[in-house]
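Q: here are the coordinates; sequence isn't available:
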């Protein structure tokens, strides 16, 4: 539902520290892919979550890979993939179910040939957009927001789907996306523009 794709790895770890860095991913024997990661404790005692946010085209090899290696901080692990194509197909079905749950008409969704597209929503954000109040409160995090995309590509009705933990940053994310982002609208099989729903994660890091 966006140009970004998140890979989540749960690890047994009692540590409470939040760390950030650059992860390296290797699919089979292809050149490695690098992307930012965030690691920290979750509600399950004794567990940490590693979140790697990358772009979909960069992990396209995942659809057919037999081996997937991840290096992120002190984590260095390899997964042997036996039916990743089936898993990715299930993920696609899950995404469509979520869009319907968010209010999209199933018939309209089925009519879409190409989803709404924007080359790089994140590039429309800058360090100058960081709210002063959030800086004073030492707030940072990743906000995931969903919104309507009209047949003219304009964004409206932005809502928080995954809170960054800061209401200030959540609101700023929606404000900027609504004001600045203009998509190439989704199109039906006949080439007609179709109203759709988009989703985007924005990672806020203190300047």
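A: Alright, I've got the coordinates. The model shown is predicted, which means the values in this text are computed figures rather than measured ones. Residues are numbered from 1 along each chain as shown.
Q: Next up, phi/psi of the residue of the chain most remote from its centre, please.
A: Using Cα atoms, centre = their mean, the residue of the chain lying farthest from its centre is residue 190. It sits 29.0 Å away. Note on residue 190: backbone dihedrals following degrees, to the nearest 10 are phi -90, psi 0.
Q: dump the residue contacts of it.
A: If a contact means Cβ atoms under 8 Å, 6 or more residues apart in numbering, then residue 190 has no contacts. (Glycine included, C-beta is placed from N, CA and C.)
Q: got a pLDDT number for it?
A: Looking at residue 190, its pLDDT reads 92.
Q: just residue 68 next, same as before
A: Here the pLDDT value assigned to residue 68 is 96.
Q: my guess is it meets residue 29, correct?
A: No: with contact defined as Cβ atoms under 8 Å, residue 68 does not count as touching residue 29 (11.9 Å).
Q: Those two: who's more crowded?
A: For residue 68 against residue 29, the residue with the higher neighbour count under other Cβ atoms under 10 Å is residue 68, and the figures read 19 against 7.
Q: Which residue, other than its chain neighbours, is closest to the more buried one?
A: With sequence-adjacent residues excluded and distances taken as Cβ to Cβ, 6 or more residues apart in numbering, residue 68 is closest to residue 79, at 4.6 Å.
Q: Which helix or which strand is home to the one you found?
A: For residue 79, the enclosing helix or strand under DSSP states H and E is strand 75-80.
Q: For the helix or strand that that strand is followed by, name the packing helices and strands.
A: Next in sequence after strand 75-80, counting helices and strands by DSSP H and E, comes helix 84-101. Taking 3 or more Cβ pairs under 8 Å, 6 or more residues apart in numbering; DSSP states H and E as contact, the helices and strands that helix 84-101 lies on are helix 106-111.
Q: who touches the helix it packs on?
A: Helix 106-111 is contacted from outside by 96, 99, 100, 188, 189, 194, 195, 196, using Cβ under 8 Å, 6+ apart.
Q: If we use 10 Å, what do you get?
A: Outside of helix 106-111, the residues that reach it under the criterion Cβ atoms under 10 Å, 6 or more residues apart in numbering are 96-97, 99-100, 105, 115, 186-190, 192, 194-197.
Q: can you check stretch 44-52 too?
A: Under the contact criterion Cβ under 10 Å, 6+ apart, stretch 44-52 has outside partners 5-19, 21-25, 33-43, 59, 70, 72-73, 75, 142, 201, 203.
Q: Just the buried ones from the residues you listed?
A: In terms of neighbour count (16 or more other Cβ atoms under 10 Å), the buried residues within these are 5, 7, 9, 13, 23-25, 33, 35-39, 41, 59, 70, 72, 142, 201, 203.
Q: Report the buried residues of stretch 76-90.
A: Result for stretch 76-90 [16+ other Cβ under 10 Å]: buried residues 81, 84.
Q: Distance from the chain centre to that stretch, please.
A: Taking Cα atoms, centre = their mean, to the nearest Å, one finds stretch 76-90 lying 19 Å from the centre of the chain it belongs to.
Q: Mean confidence (pLDDT) on that stretch, please.
A: Predicted confidence along stretch 76-90 averages 92 (mean pLDDT).
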